[in-house]
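**Student:** predicted model follows, preceded by the sequence.
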Amino acid sequence: MRRFLHVTRGVAWRSIHNTVVNPAILVPSIVFPLFFLVAFAGGLSRIAEVPNFHYRPGYTSFQFVFVFLQSAAFGGVFTGFAVARDFDSGFARRLLLSAPHRGGIIAGYVLGALLRWAITGAVVTLAAAIAGMHVYGDGAELVALLGLGVLMNLVAALWACGLAMFLRTEQAGAVIQMPVFVLLFLAPVYVPLSLLTGWIHDVARYNPVTAVLQAARGLLAGSPTELALAFGLLAAGALIFGAFARRGLASAERAG
Amino acid sequence: MVVDLAHEPQTVRPPASGVSLTEQTLAVAKRAIVRTSRQRALLVFPMIFPLILFAINGSALSAATKIPGFPTQNYRDFLIAVPFVQGAMFVSITAGVDLARDIESGFLNRLALTPLRGEALLIGQLGGALVLGTLQAIVYMLVGLASGVSFASGLGGALVLLLLANVIAFAFASLGGLLALRFGTGEAVQGIFPLLFVTLFLSSSSLPLDLIKATWFRDIAACNPVSYLLGGLRSLVISGWDGQALALAFGFALAILVLALGFSQAAMKTRLARR
Amino acid sequence: MRSQIIELTNLCYSGAVTEQPAIEVDGLTREFRRGPRAVDAIDLRVSPGEIYGFLGPNGAGKSTTVLMLTTLLPPTSGRATVGGYDIGRQGAQVRASIGAALQEAALDAILTGREHLVLQATLQGLPAAERRRRADQLLARVGLTEAADRRVGGYSGGMKRRLDLALALVHRPRILFLDEPTTGLDPQSRAALWEEVRHLAHDEGITVFLTTQYLEEADVLADRIGIIDHGRIVAEGTPAQLKAEISSPSVEIMPAEEQRSDRLAELLSSFGEPLRDGRGRVTVKLPRGEAQLAEVVRLLDRASLRVQTLQLHQPSLDDVFLAKTGRKLEGALDADSAPGPAGEPPARRRGRRRGR
């Protein structure tokens, strides 16, 4: 176990160190969510005037929740890019050779993703607060909201690391991020589910991200709904993609 | 190595006495088009991504048509302009990265040793991007039509829309070319993509200018040329023939094109520092 | 421009060029911003039909010199003519008379070998009817006919270099610049390229300016060699002249009976200080050259000393490099692989022009 923790700490440290010292990695991961917040909360605020749009904290808060979860997911995706880069550069091979406990490699990358998102999430929250976001949830509800973000980050990081380890090339970037991007945007991003019509409504209804997004919006508004479903879905996702990442690592080990 | 003297004339030919600018441009353009057509895998994403966003946002934001004063009942009629501009932005990256790769690999130096003129190189290089832009525009138009978009300006309007989309794609491709010439690396060109993306979102891409509620956002969008490019394309779909919207769109696209080509010409001179 | 090219044509084919050096360089200098001189006031002359080897370690200024002579990089000061044309004022004419295979085998991985040649032929202004024929000729010449319609991305290093050479020959230049043409090639490909370069110079009269960091390449291929180090030419001449200038040959003798090596050393001490290895072999320099070998043999004969092996060693270019720079070339290669004081900025290798 100690060896596992050593590897985890080492890989996570490198991941976060590379992020912090390299503006080309750090800046986009902060700027993109901020930009989405500005574009959606600012540019689309009149959407809240559509009949039957009811969200007590207002449109900025409505969009903050989406951007908060999106930044969590993309924190994981960006880590997948780093894994793919490590395989391209040969650094991952060095890791596989030198790590006494290889499971720690995945844990390290995942922890790195979480630490990375801690920066982005804090900046996005601060920006939303400055923009006049209203919060009606109490302390426990906000902690639960944070928990949803952490789990979202974990699931996305496991997916991204797993796929990066299977594909082992930087070209895998598009394949890693596209499903996450599409899944996020097939949720009720701009209006509540009840206001969506046509095929997007049908898709969003069965999209697991919808349940997480609605639960998170409910927590911020102080009226939690579908909490068990949201946490259950994310926990299941973590288990499934955890196994996927483990198999990805095994595939990388076999490839040598 | 096979040294086949039988194939090599021993009498020495004088060097070529010059080749026309058109012929040079066409030769470089042919290469650019061949390159583009052989990298199909890389072209799929830039082609598909705007369509995915169109499909998602076209439905997800359809409630926006219920905002009082929204110019059309079908949100897709409003949104169809976006893929054209977004596709053009992707074209700029493709064109820029291709040129940057030539600079990085030294291929530009090889061309510089021939009597090739800078203008021919620049325009020819962007020719591949133009073909890609045309292809994309046709696909976007067909997808729009298939998803229920109707053109208020009729067939003539659709053709003008294709023309405008091409001018926009060429303008953005020139921007990509300028960045490549200025910075000389593919990373630098790709690094600009988020900025292009931002200019698209900070425009009237999702709502008409007069329906944007946040004043600061409306002001930024009103100063953003992308809003007017979208406005011109959109006018042909929603309102028929709108001279002012078209003039603004063509005006901004041509202004970007002329400026980018002008600066590119200067950058090309520096890059081809042959005496 | 047309009239100027015709003027070149007349010069090339009337024999006027043969009366002047193919390449003439006076005080050519190039400084990069925030760096010392990459090329520092070099002078050199290359005669028509000659293979001139420009030898030096990485970062010595070889490629910078080639870029200047091919008009791709303006010199900071000094002047040079190539094919009788001034590189500063008559760039177009210079480019019309030269072919160049630069260090980065600058090829488009997505195009085929034939497409490269046809494109080059078009840009060089060959008539449409001749382009394909010329491409076929050159493909056959460099042994790429079978691979002609394959994308260059799948070519080996040697194939790329051969295509590079073919591209440089498309417009039948009189002067050829080859910047480290065999770096990274396997011995077989290297030997084939040497053969081709020799053929170009000696059978077709093409002047070849070749840069290299390989002693052997310069030694076997070049008619004359210029050794460049830290931007300056430190020695110039034929390989034999350079070797003779700095050192005399040595003779290495292994006696038939190892125990007689003391006696052998005593005999050879009349020529100079003998050097002995642990296995009985004795080496001594011959101060008056290889003619003294006969004296050595006579001396051994008189002393009835039987010999197992006797070898005459000529000084190598490595000895020349050592004598002129105080370093071994191999050591210099290692030392200069990091950006050295005279090294070109790394950005230059990627073809960037800022800061030049």
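**Tutor:** Perfect, I can see it now.
**Student:** go ahead and produce PDB holding the CA coordinates of the helix or strand hosting B:E23.
**Tutor:** Mapping B:E23 onto the secondary structure by DSSP states H and E places it in helix B:21-38. Extracted in PDB, the C-alpha atoms of helix B:21-38 (Å, rounded to 0.1, in the frame of the first residue of the first chain):
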ATOM      1  CA  LEU B  21       2.400  33.600 -62.100                       C
ATOM      2  CA  THR B  22      -0.800  31.800 -62.900                       C
ATOM      3  CA  GLU B  23       1.100  28.600 -63.700                       C
ATOM      4  CA  GLN B  24       3.000  28.800 -60.400                       C
ATOM      5  CA  THR B  25      -0.100  29.500 -58.400                       C
ATOM      6  CA  LEU B  26      -1.900  26.600 -60.000                       C
ATOM      7  CA  ALA B  27       1.100  24.200 -59.300                       C
ATOM      8  CA  VAL B  28       1.200  25.200 -55.700                       C
ATOM      9  CA  ALA B  29      -2.600  25.000 -55.400                       C
ATOM     10  CA  LYS B  30      -2.700  21.600 -57.000                       C
ATOM     11  CA  ARG B  31      -0.200  20.400 -54.300                       C
ATOM     12  CA  ALA B  32      -2.300  22.000 -51.600                       C
ATOM     13  CA  ILE B  33      -5.500  20.300 -52.900                       C
ATOM     14  CA  VAL B  34      -3.800  16.900 -53.200                       C
ATOM     15  CA  ARG B  35      -2.500  17.300 -49.600                       C
ATOM     16  CA  THR B  36      -6.000  18.200 -48.400                       C
ATOM     17  CA  SER B  37      -7.700  15.300 -50.200                       C
ATOM     18  CA  ARG B  38      -5.200  12.800 -48.800                       C
END
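**Student:** got a list of contacts for that helix?
**Tutor:** Outside helix B:21-38, the residues within contact range by C-beta atoms under 8 Å, 6 or more residues apart in numbering or on different chains are B:43, B:94, B:98, B:111, B:115-117, B:119-121, B:123-129, B:131-132, C:108, C:110-111, C:115, C:119, C:122-123, C:151. Bear in mind the C-beta positions are built from the backbone N, C-alpha and C, glycine included.
**Student:** hmm, try it at 7 Å
**Tutor:** Here helix B:21-38 makes contact (C-beta atoms under 7 Å, 6 or more residues apart in numbering or on different chains) with B:43, B:98, B:116-117, B:119-121, B:123-125, B:127-128, B:131-132, C:110-111, C:115, C:119, C:122-123.
**Student:** again, but for stretch C:299-306
**Tutor:** Contact with stretch C:299-306 is made by C:P255, C:A256, C:R260, C:R263, C:L264, C:L267, C:V307, as judged by C-beta under 7 Å, 6+ apart.
**Student:** give me the subset of the contacts of helix B:21-38 touching chain A.
**Tutor:** The subset of the contacts of helix B:21-38 within reach of chain A, by C-beta under 7 Å from any C-beta of the partner chain, is empty.
**Student:** before we move on, the earlier item: is whichever helix or strand comes after the helix holding B:E23 anywhere near chain C?
**Tutor:** Following helix B:21-38 in sequence order, the next helix or strand is helix B:40-60 (DSSP H and E). No: contact of helix B:40-60 with chain C (C-beta under 7 Å from any C-beta) is absent, the minimum separation being 10.5 Å.
**Student:** show me where the chain dips below the pLDDT cut-off.
**Tutor:** Since you didn't name a chain, this refers to chain A. Applying pLDDT under 70 to chain A flags residues A:99-100, A:256.
**Student:** wrong one, I was asking about chain C
**Tutor:** Across chain C (using pLDDT under 70), the flagged ranges come out as C:1-19, C:104-105, C:246-247, C:327-356.
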